[in-house]
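1. from the sequence below, what's the structure:
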Amino acid sequence: MAGPGAYWIGEEEMEAVNEVMRGGYLFRYGSETDPKFLQKVSILEKKFARYCNVNHALATSSGTASLLASAIALGLKPGDEIIVPAYTFVASYTSVIFAGLIPVLAEIDDSLTLDVDDIERKITPRTKAIMPVHMLGNPCNMDRIMELAKKHNLLVLEDACQAAGASYKGKKVGSIGHMGAFSLNIFKTINSGDGGLVVTNDFMLYETAFGVHDQGHRPSRLGLEVGNRNILGLNFRMNEITAAVALVQLSKIERILDTLRKKREKLKHLISEAEGFKFRTLNDPQGDCATLCTVIFDSKEQADKVSKALGSKTVDQSGWHVYANMEHVLNHLKSLGQPHTKGSYPKTDDILSRAMNISVGVVDAGLGSGWGININSSDAEIEMAAKQFIDACK
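-> Model prediction:
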């Protein structure tokens, strides 16, 4: 059970780790004049910034840390509201809760990303930001979201944790809003076991996020600093070993995406002869990561029947990716006067109860994608999976 990058870990990643170990410098900071200090974290930040075509990138310890550091850097204050989708990983909620914000949930549409019409219905005088989540590697409708944000003077924090490499109309996700957050854990497009990245074009936002991630320091200290800090920070630093693996994975990202897109296209073509379902909407078919193939059945009954026959489950049963399954988050929101229970978001509930995630690159039962193919599947294996799906639909 892992994401596509994990399937492609090989000698290159092992050698990169060994190179760091031989140098003996595992901490992200060191002397730039010491040849044994390889500066892997700094190099990763520069290369990822170039890849996303942004001015600044910051490496962190996780996608959750990236979201939290970004929310604080944006100047959002305790009690401010931020609109998030009712279908996302739990960290989209918990990161902003720890920043003192109030996540206001909005419905999704057939793309399984934010329903822009519902965003506008959820805006109040306390709303300060929108968090579009590029869920399952599918970019949100960023044109409409940015237009809405401009209309209401709202900040946009892109949760691109599941979408490294995705793009929307030629722009990498994460680079369209004010800040973008990525994850590098084992289930993502590329991975280093754990880790994350923040991107932005705004130096002030970058500088503040850097301070949040490293005890208030400014970028990029080489050693001890005294009396040069003006914000409070924590420790969300990435280490050199993590960065070494991430750099190798980043060098593979375009090949990974190209492979996934070809394999999913073949799978979609083969199963399209079956009846009773549609494929989820892709807001940019050329920019989607293709880590999953999501189908939405005409009825919940058929979705239950097919998913059960394949040893899978409908998306509404997929653990901490569905608001109704997050009892700790629901309890917290209830204490804030937001009594969310299953049924609070009927459009989301309906779509997810009829949807099934077929794995293409991300094989994860917790995401509801425990059945399907993977990035290394042969044509014969794809054809076999397609036949199983078609038979289950009959």
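2. now the strands for the protein?
-> 56-60, 81-85, 102-106, 127-130, 155-159, 167-168, 171-172, 179-183, 196-200, 277-279, 292-297, 355-359 (DSSP state E).
3. starting at the chain centroid, how far to the second one?
-> Between the centre of strand 81-85 and the centre of its chain there are 16 Å (C-alpha atoms, centre = their mean, to the nearest Å).
4. so that strand versus strand 155-159, what angle?
-> 40 degrees (axes from the mean of the first three to the mean of the last three C-alpha atoms, to 10 degrees).
5. and the contacts of strand 81-85?
-> Here strand 81-85 makes contact (C-beta atoms under 8 Å, 6 or more residues apart in numbering) with 71, 76, 92-93, 96, 101-108, 113-114, 119, 122-124, 126-133, 135, 157, 159, 348. The way it works is simple: take the backbone N, C-alpha and C, and place the C-beta from them, glycine included.
6. dump the residue contacts of the spatially most central residue of the chain.
-> In the chain, the residue lying closest to the centroid (C-alpha atoms, centre = their mean) is Cys161, at 1.9 Å. By C-beta under 8 Å, 6+ apart, Cys161 lies in contact with 63, 66-67, 89, 91, 133, 181-183, 188, 196.
7. count of neighbours near Ser307?
-> Residues contacting Ser307 under the criterion other C-beta atoms under 10 Å number 23.
8. do you know how far it is from Ala86?
-> As judged by C-beta to C-beta, to the nearest Å, Ser307 and Ala86 stand 20 Å apart.
9. how about the closest residue to His134 other than its chain neighbours, what does it touch?
-> What sits nearest to His134 in space, not counting adjacent residues and going by C-beta to C-beta, 6 or more residues apart in numbering, is Ala163, at 3.7 Å. By C-beta under 8 Å, 6+ apart, the residues touching Ala163 are 134, 137-139, 173-174, 182, 189, 289.
10. rerun that using 6 Å as the cut-off
-> Residues counted as contacts of Ala163 (C-beta atoms under 6 Å, 6 or more residues apart in numbering) are 134, 137, 173, 289.
11. quick one: pLDDT of the last one?
-> Cys289 is assigned 98 on the pLDDT scale.
12. what do you get for the third one?
-> pLDDT recorded at Val173 is 98.
13. can you check the first one too?
-> Turning to His134, the model gives it a pLDDT of 98.
14. cool, and Leu224?
-> 59.
15. and if you look at Asn228?
-> 71.
16. which residue sits closest to it, ignoring its sequence neighbours?
-> Nearest to Asn228 is Arg218, by C-beta to C-beta, 6+ apart, at 6.6 Å.
17. what's the local residue count around that neighbour?
-> Neighbour number of Arg218 under other C-beta under 10 Å is 15.
18. please apply the same query to Asp284.
-> For Asp284, using other C-beta under 10 Å, the count is 19.
19. against Phe389, how distant is it?
-> 25 Å.
20. where does pLDDT dip in the protein?
-> 221-227, 339 (pLDDT under 70).
21. one step back: return the backbone torsion pair for the residue nearest to the centre of the chain.
-> phi -60, psi -30 (degrees, to the nearest 10).
22. hmm, back to that, name the nearest of the contacts of Ala163 relative to Arg229.
-> Val173 (31.8 Å; C-beta to C-beta).
23. burial count for the closest one?
-> 30.
24. that one and Pro139 touch, don't they?
-> Yes. Val173 lies in contact with Pro139 (C-beta atoms under 6 Å); the separation is 5.2 Å.
25. mind listing the shared neighbours of those two?
-> Ala166.
26. if we can go back for a sec, which of the contacts of strand 81-85 are buried, as a ChimeraX select command?
-> The buried residues among those can be selected in ChimeraX (16 or more other C-beta atoms under 10 Å) with this line:
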select :71,76,92,93,96,101,102,103,104,105,106,107,108,113,114,119,122,123,127,128,129,130,131,132,133,135,157,159,348
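27. what sits against Glu45?
-> 57, 59.
28. revised request: answer the last question for Val295.
-> 277, 356.
29. look up how far Trp371 lies from it.
-> Counting by C-beta to C-beta, the gap from Val295 to Trp371 is 12 Å.
30. touching, Met135 and Thr113? I think so.
-> Yes. Met135 is in contact with Thr113 according to C-beta under 6 Å; the separation is 5.2 Å.
31. hang on, Arg280 packs against Cys293?
-> No. Using C-beta under 6 Å, Arg280 is not in contact with Cys293; the gap is 8.6 Å.
32. from the contacts of Ala163, which is closest to Cys52?
-> Val173 (8.4 Å).
33. do you have the helices of the stretch 151-300 of the chain handy? List them.
-> 203-213, 240-271, 300-309 (DSSP state H, counting those that start in this stretch).
34. of all these, which one comes closest to Ala16?
-> Once the helices of the stretch 151-300 of the chain are compared by C-beta to C-beta, helix 240-271 is nearest, at 4.0 Å.
35. buried set for that closest one?
-> Buried residues in helix 240-271 (16+ other C-beta under 10 Å): 240-250, 252-253, 256-257, 259-261, 263-264, 266-268, 270-271.
36. if we can go back for a sec, can you add distance to Asn230 and give the contacts of Ala163 back as JSON lines?
-> JSON lines is the format used below for those (distance: C-beta to C-beta, whole Å):
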{"residue": "His134", "distance to Asn230": "33"}
{"residue": "Gly137", "distance to Asn230": "38"}
{"residue": "Val173", "distance to Asn230": "31"}
{"residue": "Cys289", "distance to Asn230": "38"}
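37. closest one to Ser318 out of these, please.
-> Nearest member of the contacts of Ala163 to Ser318, counting by C-beta to C-beta, is Gly137, at 15.2 Å.
38. mind listing what that closest one touches?
-> 162-163, 166, 288-289, 291.
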